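>>> here is my input, please return the structure:
(chains A and B)
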Amino acid sequence: MADIAVMDYGMGNLRSVANAVRKVAPHAEVVISQNAEEILRAERVIFPGVGAIRDCMAEIRAAGFDKVIAEIHNAKPLLAICVGMQALMSYSEENNGVECLNLFAGEVKRFPGGRAADGSQLKVPLMGWNSVRQSRPHPLWQGIADDARFYFVHSYYVQAEDEGLVAGISDYGLSFPAALASGKTFATQFHPEKSHTNGLKLLHNFVNWSGEC
Amino acid sequence: MSLAKRIIPCLDVDQGRVVKGVRFVDIRDAGDPVEVARRYNEQGADEITFLDITASHEERDTTYRTVERMAEQVFIPLTVGGGVRTLDDIRRLLNAGADKVSINTTAIHNPQFVREASERFGSQCTVVAIDAKSVATEDGSDRWEIFTHGGRRPTGIDAVEWAVRMADYGAGELLLTSMDRDGTKDGFNIPLTRAVSDAVSVPVIASGGVGELQHLADGILEGHADAVLAASIFHFGEYTVQQAKQHLASCGITVRL
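The predicted structure follows:
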């Protein structure tokens, strides 16, 4: 049984995620897996994602990972990253509208862009280091300062119907969830594997998390 | 708190070594790319850019191996460029651990390649590098043109129009180098940087000409760049990335300290 499985459905910077996990858990068995059985047997699972949501959802369904994620959700610690987080929602307006996994009620919308309060242009994609306000305590925030910066790269953001899901908030012309949490699932819009010390700390917390809050 | 402006050390890599020359001559060795990248990662660099300047076919495997080694030790975004010609080149670089891939000459020969790359791999990892040079105009107004082959070959393409087109085709970011300034230490070409940055809605990285810390601040405050790239001021120990960030912060620029 693998300690940590990184889901491989042909999308995403899997190697970066696995590299960062191996860095914080040098003794753990980390697998990058396309195999549903292997993923279901793992102690904890990471669901990464990059790219456009239509292709991501198509690959997720083709691999049968929609059912795998639904089964893992709340059964064992699950970390969804970036488009992985967006895929957990009901629906995304990207690519003229795509139905998602509907584990969390809410939509994924495009940043409007425009100008910040100081007059500067709000470029889309949001690319870079943004601060994250920890809107509620969570074991995955342990040892990470409030308002710490993480690396984001995305053009779309999540709107969760249940505000109680929001564990972290960032601002980019508007406030949007940087992290969602429910039971044993934690999801980040940012890339912890690319967020240097803060990101590695969050991954360290994840690989040591019992799943209890 | 707002999004931080980024400082990106750039590694020009030739046959597995970091090098830096002035206008591509007088090349100095600046070390092993993995060691250099690690040093910048520790100093608080926001990203690393790796440009494979040989990019000859025989050397590609060296590049992939170097990217793999770097990605094992550097936990910040890594952009790799130089010699990217096919979708398979992009896939191999991403699989080796690159987060973004920079496309330059191939975009000029085949602009649709940028669209194909962004549709396949996403805009977030599709960077278009633009090498621009000032050209004379009859009325004396500013105009910049795209050049290839290290600034030797003009294309007739207007740099600002090209930037807009590349963003339309799905580039998620533009790496804008002033060929007039590259390696001179005279500072960024501010009118060029500002013209491009204001014309597009995607982030722009300013490159070419940084010789002192104030140049970095000027690129952001006057050039409206979202990120600033520099090589030699960091490679030869003149400044650390941290010193550069403190200088930007002292100018009122939001940075990740």
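
>>> CA atoms only: put stretch A:107-121 into CSV for me.
Only the C-alpha atoms of stretch A:107-121 are listed here, as CSV (Å, rounded to 0.1, in the frame of the first residue of the first chain):
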residue,chain,number,x,y,z
GLU,A,107,-19.2,27.7,-9.7
VAL,A,108,-15.9,28.5,-11.2
LYS,A,109,-15.8,31.9,-12.9
ARG,A,110,-13.3,34.0,-14.9
PHE,A,111,-11.5,36.9,-13.2
PRO,A,112,-13.0,40.1,-14.6
GLY,A,113,-9.5,41.8,-14.8
GLY,A,114,-9.8,45.6,-14.8
ARG,A,115,-7.9,47.8,-12.4
ALA,A,116,-6.9,47.5,-8.8
ALA,A,117,-7.6,50.2,-6.2
ASP,A,118,-4.2,51.8,-6.9
GLY,A,119,-5.0,52.1,-10.6
SER,A,120,-2.7,49.2,-11.7
GLN,A,121,-3.9,46.7,-14.3
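
>>> what mean pLDDT does that stretch have?
Regarding stretch A:107-121, the rounded mean pLDDT is 91.

>>> on the three-state scheme, B:A249 is what?
helix (DSSP: H, G, I helix; E, B strand; the rest coil).

>>> whoops, I mixed them up, B:S102
B:S102 - assigned by three-state DSSP - is strand.

>>> find the centremost residue of chain B, please.
B:L175 (4.4 Å; C-alpha atoms, centre = their mean).

>>> swap in chain A?
By C-alpha atoms, centre = their mean, the most central residue of chain A is A:I81, 2.1 Å off.

>>> so that one touches A:F47, yeah?
Yes: between A:I81 and A:F47 there is a contact under C-beta atoms under 8 Å: 7.0 Å. Bear in mind the C-beta positions are built from the backbone N, C-alpha and C, glycine included.

>>> which helix or strand in chain B has the lowest average pLDDT?
Sorting the helices and strands of chain B by mean pLDDT, DSSP states H and E puts strand B:25-31 at the bottom, at a mean of 70.

>>> quick check: residues of chain A near chain B?
Proximity of chain A to chain B (C-beta under 8 Å from any C-beta of the partner chain) is limited to residues A:13, A:15-16, A:19-20, A:23, A:50-52, A:113, A:116, A:118, A:120-121, A:123-131, A:147, A:149, A:151, A:153-155, A:171-172, A:191, A:193-196, A:199-200.

>>> and the residue nearest to the centre of chain A, what are its bridge partners?
A:T188 (DSSP bridges).

>>> contact partners for it?
Contact partners of A:I81, counting by C-beta atoms under 8 Å, 6 or more residues apart in numbering or on different chains, are A:G12, A:V17, A:I46, A:F47, A:P48, A:G49, A:A187, A:T188, A:H191, A:P192, A:E193.

>>> point out where chain B drops to low pLDDT.
The model of chain B has pLDDT under 70 over residues B:1, B:21-27, B:55-58.

>>> and the closest residue to chain A within the stretch 51-200 of chain B, how many residues sit next to it?
Minimum separation of the stretch 51-200 of chain B from chain A (C-beta to the nearest C-beta) falls at B:G122, amounting to 3.7 Å. B:G122: 27 surrounding residues under other C-beta atoms under 10 Å in any protein chain shown.

>>> which one is it nearest to, not counting chain neighbours?
A:G51 (3.7 Å; C-beta to C-beta, 6 or more residues apart in numbering or on different chains).

>>> wait, that neighbour touches A:V83, no?
Yes: the criterion here is C-beta under 8 Å, and A:G51 meets it with A:V83 at 6.4 Å.

>>> what is the burial count for residue 106?
No chain in the question, so chain A it is. 21.

>>> to clarify, I was referring to chain B.
Using other C-beta under 10 Å, B:T106 has 17 neighbouring residues.

>>> that's a helix at it, yeah?
Yes: read with three-state DSSP, B:T106 is one of the residues of a helix.

>>> mind listing what the residue nearest to A:G106 when sequence neighbours are not counted touches?
Sequence neighbours aside, A:A160 is the residue nearest to A:G106 in space, at 4.1 Å (criterion: C-beta to C-beta, 6+ apart). A:A160 makes contacts with A:M89, A:F104, A:A105, A:G106, A:V166, A:P177, A:L180, as judged by C-beta under 8 Å, 6+ apart.

>>> what's the neighbour count on the residue lying closest to A:S90 once chain neighbours are set aside?
Once flanking residues are discounted, A:S90 sits nearest to A:N102: 4.6 Å by C-beta to C-beta, 6+ apart. For A:N102, the number of neighbouring residues by other C-beta under 10 Å comes to 14.

>>> kindly report the same for A:A5.
Neighbours of A:A5 using other C-beta under 10 Å come to 26.

>>> spatially, what comes nearest to it if we skip its sequence neighbours?
Using C-beta to C-beta, 6+ apart, the closest residue to A:A5 is A:A42 (3.6 Å).

>>> go ahead and confirm A:G106 touches A:M89.
Yes: with contact defined as C-beta under 8 Å, A:G106 reaches A:M89; the gap is 4.9 Å.

>>> could you pull out the strands for the stretch 1-150 of chain B?
B:6-14, B:17-22, B:25-31, B:48-52, B:78-81, B:100-103, B:126-134, B:144-148 (DSSP state E, counting those that start in this stretch).

>>> now these as CSV including distance to A:E59?
Formatted as CSV, the strands of the stretch 1-150 of chain B follow (distance: least, C-beta to C-beta, whole Å):
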stretch, distance to A:E59
strand B:6-14, 30
strand B:17-22, 37
strand B:25-31, 40
strand B:48-52, 28
strand B:78-81, 24
strand B:100-103, 20
strand B:126-134, 19
strand B:144-148, 36
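
>>> reformat these as TSV; add mean neighbour count and distance to A:G64.
Shown next, in TSV, are the strands of the stretch 1-150 of chain B (neighbours: other C-beta atoms under 10 Å in any protein chain shown; distance: least, C-beta to C-beta, whole Å):
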stretch	mean neighbour count	distance to A:G64
strand B:6-14	25	39
strand B:17-22	18	45
strand B:25-31	12	47
strand B:48-52	25	37
strand B:78-81	26	32
strand B:100-103	25	30
strand B:126-134	25	29
strand B:144-148	20	46
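
>>> can you add distance to chain A and give these back as TSV?
Putting these into TSV (distance: least, C-beta to the nearest C-beta, whole Å) gives the following:
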stretch	distance to chain A
strand B:6-14	5
strand B:17-22	21
strand B:25-31	21
strand B:48-52	11
strand B:78-81	8
strand B:100-103	8
strand B:126-134	10
strand B:144-148	20
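
>>> find the closest residue to chain B in chain A.
A:G51 (3.7 Å).

>>> so what's residue 184 closest to, chain neighbours aside?
Chain wasn't specified; assuming chain A. A:G211 (3.8 Å).

>>> chain B, not that one
Counting by C-beta to C-beta, 6+ apart, the residue nearest B:T184 is B:G209, at 5.4 Å.

>>> return the residues of the stretch 151-257 of chain B in contact with chain A.
Looking at chain A, the residues of the stretch 151-257 of chain B close enough under C-beta under 8 Å from any C-beta are B:G172, B:E173, B:S197, B:D198, B:S201, B:V202, B:P203, B:V204, B:H224, B:D226, B:A227, B:R256.

>>> from the residues you listed, which land in helices?
Among those, the members falling in helices are B:S197, B:D198 (criterion: DSSP state H).

>>> if any of the residues of the stretch 151-257 of chain B next to chain A are buried, put those into a PyMOL selection.
Paste this into PyMOL to select the buried members of those, with burial taken from 16 or more other C-beta atoms under 10 Å in any protein chain shown:
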select buried, chain B and resi 172+173+197+202+203+204+224+226+227+256
